[in-house]
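>>> Using only what follows, build the 3D model:
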Amino acid sequence: MSLQTKQQMPIINVIIPAFNEADSIKHVINDIPSLVNEVIVVSNNSTDHTEFNAKQAGATVLSEDRKGYGYACLKGMDYVSKSSTRPDIIVFLDGDYSDFPEELTKIVAPIIDEDIDFVVGARVKSLREKGAMTMPQIFGNWLATTLMRLFFNSKFTDLGPFRAIKYDKLLELHMEDKTYGWTIEMQLKALKQKFTYSEIPVNYRNRIGVSKVSGTVKGAIFAGVKILGWIFKYSLKS
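Next up is the predicted model:
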């Protein structure tokens, strides 16, 4: 049954990977619209008060000791799979407050109203605060989306972490990346499986704290290698 034919509002769960986001996590949780059924924060080996602050703000808090964005997302998915209530939509959102959580309604609207499978929040330049994305991030996004367009006729313009997907479609992707390649893996697999998808322009601001990926040379290099690795892996399968 499509979401269009449902009489009641869909069940929406939010998964937030978080590594040492004690200063920002409450802001993120508090700004999530009330239509969300459960907010799941996955503390990715945090050593500060991330877990405590997330619990205080009303989130379900999980702990994943293995470092890696993908590990945290997979932990959240595993929790959801064992829950008694099956969600209709999963939203992924970062814990650094760079996204605007209140825009979640815009992200899920194409799924609810148009039966789209997968939606990515695009961090367009006109809505992006100065300095919110580093030059390596901007270049990496341009390169990745250009290659996806060339190899897969993709219309994606961003690898933004703020995204929503039908839960049953997410399960069909059999996600596996444990670290920096999570977002690109999802988009590539959605393309390969011919999911319907769209992008929604979203606001983007400077994060609270220092980025663990774009804020370090090591993180930027590893992220770039992961992204290119997934693209070329899938281009060879075409």
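
>>> Could you use CA atoms for every contact and neighbour count after this?
OK.

>>> Any idea which helix or strand in this structure has the lowest mean pLDDT?
helix 217-237 (a mean of 70; mean pLDDT, DSSP states H and E).

>>> Output the below-cut-off pLDDT ranges for the protein.
Where the chain drops to pLDDT under 70, the residues are 1-7, 211-223, 235-238.

>>> show me where it has helices.
25-30, 50-56, 69-81, 104-114, 135-152, 167-173, 182-192, 217-237 (DSSP state H).

>>> Tell me which other helices or strands the second one touches.
It refers to helix 50-56. helix 25-30, strand 38-43, strand 60-63 (3 or more Cα pairs under 8 Å, 6 or more residues apart in numbering; DSSP states H and E).

>>> tell me which residues of that helix are tucked away?
For helix 50-56, the neighbour count (16 or more other Cα atoms under 10 Å) marks 50-51, 53-55 as buried.

>>> If we only consider those, which is nearest to residue 226?
Distance to residue 226, by Cα to Cα, is smallest for residue 50 among the buried residues of helix 50-56, at 26.9 Å.

>>> Show me what the closest residue to residue 165 other than its chain neighbours bridges to in the sheet.
Leaving aside its sequence neighbours, residue 165 sits nearest to residue 118 (Cα to Cα, 6 or more residues apart in numbering; 4.4 Å). Beta-bridge partners for residue 118, by DSSP bridges, are residue 165, residue 197.

>>> ok, the closest residue to residue 156 other than its chain neighbours to residue 131 distance?
Counting by Cα to Cα, 6+ apart, residue 156 lies nearest to residue 145, which is 6.0 Å off, once chain neighbours are set aside. Look at residue 145 and residue 131: by Cα to Cα, to the nearest Å, they are 21 Å apart.

>>> Over to residue 227?
22 Å.

>>> out of those two, which sits in the busier spot?
Between residue 227 and residue 131, residue 227 has the larger neighbour count (other Cα atoms under 10 Å), namely 23 against 11.

>>> what residues are up against that one?
144, 180-181, 184 (Cα atoms under 8 Å, 6 or more residues apart in numbering).

>>> Nearest to residue 208, out of the helices and strands packed on helix 50-56?
helix 25-30 (9.4 Å).

>>> for that closest one, which positions count as buried?
Residues 25-29 are the ones in helix 25-30 that count as buried (16+ other Cα under 10 Å).

>>> for that helix, the distance to its chain's centre please.
Centre-to-centre, helix 25-30 and its host chain are 16 Å apart (Cα atoms, centre = their mean, to the nearest Å).

>>> helices or strands next to that helix in the packing?
Helices and strands touching helix 25-30, by 3+ Cα pairs under 8 Å, 6+ apart, are helix 50-56.

>>> contacts for the helix it packs on?
18-23, 25-26, 29, 41, 43, 60-61.

>>> now those residues in JSON lines, with distance to residue 85?
Shown next, in JSON lines, are the contacts of helix 50-56 (distance: Cα to Cα, whole Å):
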{"residue": "18", "distance to residue 85": "24"}
{"residue": "19", "distance to residue 85": "27"}
{"residue": "20", "distance to residue 85": "29"}
{"residue": "21", "distance to residue 85": "28"}
{"residue": "22", "distance to residue 85": "29"}
{"residue": "23", "distance to residue 85": "31"}
{"residue": "25", "distance to residue 85": "25"}
{"residue": "26", "distance to residue 85": "25"}
{"residue": "29", "distance to residue 85": "21"}
{"residue": "41", "distance to residue 85": "18"}
{"residue": "43", "distance to residue 85": "22"}
{"residue": "60", "distance to residue 85": "14"}
{"residue": "61", "distance to residue 85": "17"}
